[in-house]
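Asker: pasting a predicted model and its sequence here:
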Amino acid sequence: MDRRLKRGLEDLKNAGLLTDIGGDWNKIPADCTLKSDSRTVGPGDIFACVVGLHADGHRFIEQVLKAGVSYLLIQRPVSGLPIPWIQVTDVRAAMGYVAAALNEEPSEKMKMFAVTGTQGKSTTSYMVRSILQNCGVKCGLLGTIVYDDGSKSVLADRTTPEGSEIQQFLKNMVDNGCQACSMECSSHGIAQGRLSGCLYDGAVFTNLTPEHLDFHGTMENYYEAKAALFRKYLKPGAAVAPNAASEHGRRLAAEFPQAMTWALEAPARLQGANVKLDIDGSEFDLIFDGRKMGRVHIPLSGRHNVENALGAAAVCLAEGCDEKKVVAGLALMPQVPGRMERLNLDNGVRVVIDYAHTADSLKALLETLRPLTEGRLVSLFGHGGDRFAGHRSLLGRAAAQKADRIFVTMDNPRTEDPLKIAEQIVAGIEEVRADGCWSIELPRDAAICKALDWCRRGDLLVLSGKGPEPYLEINGVKYPYSDRAVVEKWAEERGVTIR
Ligand SMILES: CC(=O)N[C@H]1[C@@H](OP(=O)(O)OP(=O)(O)OC[C@H]2O[C@@H](n3ccc(=O)[nH]c3=O)[C@H](O)[C@@H]2O)O[C@H](CO)[C@@H](O)[C@@H]1O[C@H](C)C(=O)N[C@@H](C)C(=O)N[C@H](CCC(=O)O)C(=O)O
Ligand SMILES: Nc1ncnc2c1ncn2[C@@H]1O[C@H](COP(=O)(O)OP(=O)(O)OP(=O)(O)O)[C@@H](O)[C@H]1O
Ligand SMILES: N[C@H](CCC[C@H](N)C(=O)O)C(=O)O
C-alpha cells in the first residue's frame with residue numbers, strides 16, 4: 001500500500017466513509033491527481049465518480065478509462081473494473097481525504113484560517129490575510145473572489161471549491177512558501193463535505209440570516225451546516241471567533257468555552273467603540289477585555305465592515321498575533337474587489353459597486369450610504385435566478401425604505417425569466433411606496449447607463465448584487481460583463497472622467 005494512501009484510508013475509515021477497496025494501490029505516481037470532472041482527466045489520474053443533482057459520475061467511467069485514468073473512487077459497486085478502485089459511501093465527501101493524503105496533508109503544514117457566515121466571508125478573509133501579511137506571514141487565499149496560491153491569483157468560480165481542488169491549491173500554497181491560508185467556507189461546501197482533509201487553526205463566524213434555504217430547507221439546518229465547520233474541522237485548541245451580537249454566534253460561543261467572542265454592539269471580549277464612518281473608510285477604537293488596544297482605520301465604509309474587522313482581529317489575536325500588528329494590518333488591507341468599491345465621476349456623481357445580494361446586506365449598504373449622500377440615493381439591482389426567491393420582495397422593501405429612486409434590472413437570471421424576478425422585487429417596493437419611485441430596465445448595462453444619465457451632481461448611485469463578477473449568466477451561458485466596465489464605458493462616451 002502506498003505510504004500516502006495509507007493515511008487517506010485511515011481518514012476515510014475514521015469518517016465512516018470507506019466501504020471496500022480493490023486492485024493494486026502500491027505504486028501511485030508522485031504527480032497523480034484526483035479529479036471529478038470527466039472532461040478534464042488525463043493519463044494516470046484518479047477519477048472520482050461524484051453523484052450530483054444533475055449527473056452521476058459513474059456514467060463517465062467508460063469515457064475516463066479511454067482517457068487513460070489509472071484509478072477510480074466509486075460510490076456503488078461496478079463490476080469488471082480493469083483498474084484499482086476504492087468504494088466509499090459518499091464520493092464527494094471522500095475526495096478531500098484522498099487528495100489531502102496524496103498531497104501530503106498540506107493543511108497540517110500551514111496555519112489555516114476559516115471564515116463562515118451568511119455575509120462578510122470574503123471581506124473578513126481579506127482582512128485576516130492583511131493582518132497575517134503584516135505579521136510577516138505569507139498567506140494564500142481561497143474564496144468567492146479569487147484563489148491565490150501565493151504565486152498566482154485566478155478568478156474563483158465558487159466560494160469553496162470541491163475537496164480535490166482545495167487540496168491541490170493548499171499543496172501549491174505550501175510549495176510556494178505560504179505559511180498560512182485564509183479561506184472562506186460556504187455552507188454548501190461544508191454540507192457537501194468539500195472541506196474533508198482540511199484542519200483549521202482558527203475560524204470566524206460572522207452572522208446567519210435567511211439565505212440558501214432552497215438548499216438547506218430550514219434555518220436550523222443552515223446553522224448546523226455552519227456549526228459543522230467548528231465541530232469537525234478544527235485542530236485541537238484552535239481559535240474560535242464568533243460574533244456575540246448574533247444569536248447563532250452566541251450558540252457557538254456556548255459550545256466552545258475557548259471562544260474569543262467579538263461584537264460591535266453586544267458584550268464580548270473584543271469590541272468596537274466610537275465608530276466613525278466616511279465614504280472612503282471607517283475608524284473605531286478596538287477594545288480588548290475592556291482595554292483600548294488602539295484606533296483602527298480600514299479603507300472600507302460601513303458598520304458591517306467594522307464587524308468584519310473585529311472578526312478578523314479576534315481570530316488573529318487568539319492565534320497569538322501581536323496587537324499593534326493587528327491594528328496596522330487592518331489599515332493596510334487592499335480594496336476588496338466589488339465590496340463598497342467607489343468611483344467618483346467629475347460630473348459630481350458618485351458610484352458605489354457592492355456585492356450585497358441579500359435584503360439584509362442591501363439594507364446595511366443603503367443605511368451606510370444614506371447619511372453620506374448629498375443629493376439623491378439611487379439604488380440599482382436585480383436578483384439571481386435559481387436562488388432563494390424569498391429575498392426578492394425583501395430586497396424591494398429594503399431599497400424602497402432607503403433610496404430615492406430604484407432601477408430594477410437583472411442579476412444572473414440563470415434559468416429563470418428575469419422579468420418575473422424583477423416583478424417580484426417590485427412587489428416588495430410597492431408594499432412600502434406608492435410614489436412610482438421605480439422602473440424596470442432588464443439589460444443591466446442599459447439600466448446602468450439610464451441611471452447614470454438620470455443622476456445629477458451630488459447623487460450617489462449604488463450598483464449592487466454583482467460586485468466584481470465578470471459575467472452575466474443566462475440559461476447556462478456566462479456572457480462577459482462587468483458593472484465597473486459599463487460605468488467606465490459610459491464615462492468615456494460622455495467625456496466624463498473617473499477619479
Ligand atoms: C448545489 C451545488 O453545490 N452544486 C454543485 C455540484 O452540482 P451537482 O452536485 O449537481 O453536480 P452535477 O452537475 O450533477 O455533476 C456531478 C458530477 O459529475 C461530473 N460530470 C458532469 C458532467 C460531465 O460531462 N462529466 C462529469 O464528470 C461533475 O464534475 C460532478 O463531479 O457540483 C458541481 C461540480 O462541482 C458544481 O458545479 C455545482 O455548483 C453549482 C454551479 C453552484 O451553483 N453551486 C453553488 C450553489 C455553490 O456551491 N455556492 C457556494 C456559495 C454560496 C454562498 O454564497 O454562500 C459555493 O461554495 O460556491
Ligand atoms: N458583516 C456583514 N454583515 C452584513 N452584511 C455584510 C457584512 N459584510 C459584508 N456584507 C454585505 O455583503 C456583501 C458581500 O460581502 P462579502 O463578500 O464579504 O460576504 P460573503 O459572505 O463572502 O458573500 P458571498 O459568500 O455571497 O460571496 C457586501 O458587499 C456587503 O454588502
Ligand atoms: N455566491 C452567491 C452569490 C451570488 C450573487 C448574485 N450575483 C447571483 O448570481 O445570484 C451564490 O452563488 O448564491
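Answerer: Received, thanks. Ligands and ions are numbered 1, 2, ... in the order given.

Asker: count residues in the vicinity of the nearest residue to Glu104 once chain neighbours are set aside, would you?
Answerer: In this structure, Glu104 finds its nearest non-sequential neighbour in Arg4, 6.4 Å apart by CB to CB, 6 or more residues apart in numbering. Heads up, the C-betas are built off the backbone N, CA and C, glycines and all. For Arg4, the neighbour count with other CB atoms under 10 Å is 17.

Asker: let me see the contact set for Arg4.
Answerer: Ile28, Ala101, Leu102, Glu104 (CB atoms under 8 Å, 6 or more residues apart in numbering).

Asker: and Tyr97, which of the three is it?
Answerer: helix (DSSP: H, G, I helix; E, B strand; the rest coil).

Asker: so it is in contact with Leu12, correct?
Answerer: Yes - if you go by CB atoms under 8 Å, Tyr97 and Leu12 touch, sitting 5.4 Å apart.

Asker: who has more neighbours, the two?
Answerer: The neighbour count for Tyr97 versus Leu12, taken as other CB under 10 Å, is higher for Tyr97 (27 against 24).

Asker: can you confirm the residue nearest to Glu104 is in a helix?
Answerer: Yes - counting by three-state DSSP, Arg4 falls inside a helix.

Asker: need the pLDDT of it.
Answerer: Arg4 carries a pLDDT value of 87.

Asker: from Gly143, how far off is it?
Answerer: Distance, Arg4 to Gly143, using CB to CB, to the nearest Å: 28 Å.

Asker: okay, now whichever residue of the stretch 1-150 of the chain sits closest to ligand 1: neighbour count?
Answerer: The stretch 1-150 of the chain approaches ligand 1 most closely through Gly52 (2.2 Å), counting by CB to the nearest ligand atom. Neighbourhood size, Gly52 [other CB under 10 Å]: 11.

Asker: leaving out the residues flanking it, which one is nearest to it?
Answerer: Arg92 (8.0 Å).

Asker: which strand or helix spans the one you found?
Answerer: helix 91-102 (DSSP states H and E).

Asker: what about that helix, near ligand 1?
Answerer: No - applying CB under 6 Å from any ligand atom, one finds helix 91-102 out of contact with ligand 1, separated by at least 7.3 Å.

Asker: what's that helix packed up against?
Answerer: In this structure, helix 91-102 packs against helix 3-14, strand 34-35, strand 46-48, strand 71-74, strand 85-88, helix 163-175, with contacts taken as 3 or more CB pairs under 8 Å, 6 or more residues apart in numbering; DSSP states H and E.

Asker: quickly compare those and say which is most buried.
Answerer: Most buried of the helices and strands packed on helix 91-102, by mean neighbour count (mean count of other CB atoms under 10 Å): strand 46-48, with a mean of 27.

Asker: write out the residues of this structure neighbouring ligand 3.
Answerer: So far as CB under 6 Å from any ligand atom goes, the chain lies against ligand 3 at Thr144, Thr159, His357, Gly384, Arg387, Asp411, Asn412, Gly465, Lys466, Glu469.

Asker: please redo it, this time with the cut-off set to 8 Å
Answerer: 144, 158-159, 186, 211-212, 355, 357, 383-385, 387, 411-412, 414, 465-467, 469, 473 (CB under 8 Å from any ligand atom).

Asker: please narrow the residues you listed to those residing in strands.
Answerer: Glu473 (DSSP state E).

Asker: among the residues of the chain next to ligand 3, which ones lie close to ligand 2?
Answerer: Near ligand 2, by the rule CB under 8 Å from any ligand atom, you find Thr144, Thr159, Ser186, Tyr355, His357, Gly467 out of these.

Asker: read off the pLDDT value for the second one.
Answerer: What the model reports as pLDDT for Thr159 is 96.

Asker: and what of the first one?
Answerer: Turning to Thr144, the model gives it a pLDDT of 94.

Asker: isn't it right up against Gln119?
Answerer: No - in this structure, Thr144 is not within contact of Gln119 by CB under 8 Å, at 11.3 Å.

Asker: show me the strands in the stretch 151-300 of the chain, by range?
Answerer: For the stretch 151-300 of the chain, the strands defined by DSSP state E, counting those that start in this stretch occupy 153-155, 180-184, 200-205, 234-242, 262-263, 270-278, 281-288, 291-298.

Asker: surely Lys420 is within a strand?
Answerer: No - under three-state DSSP, Lys420 sits outside any strand and is assigned helix.
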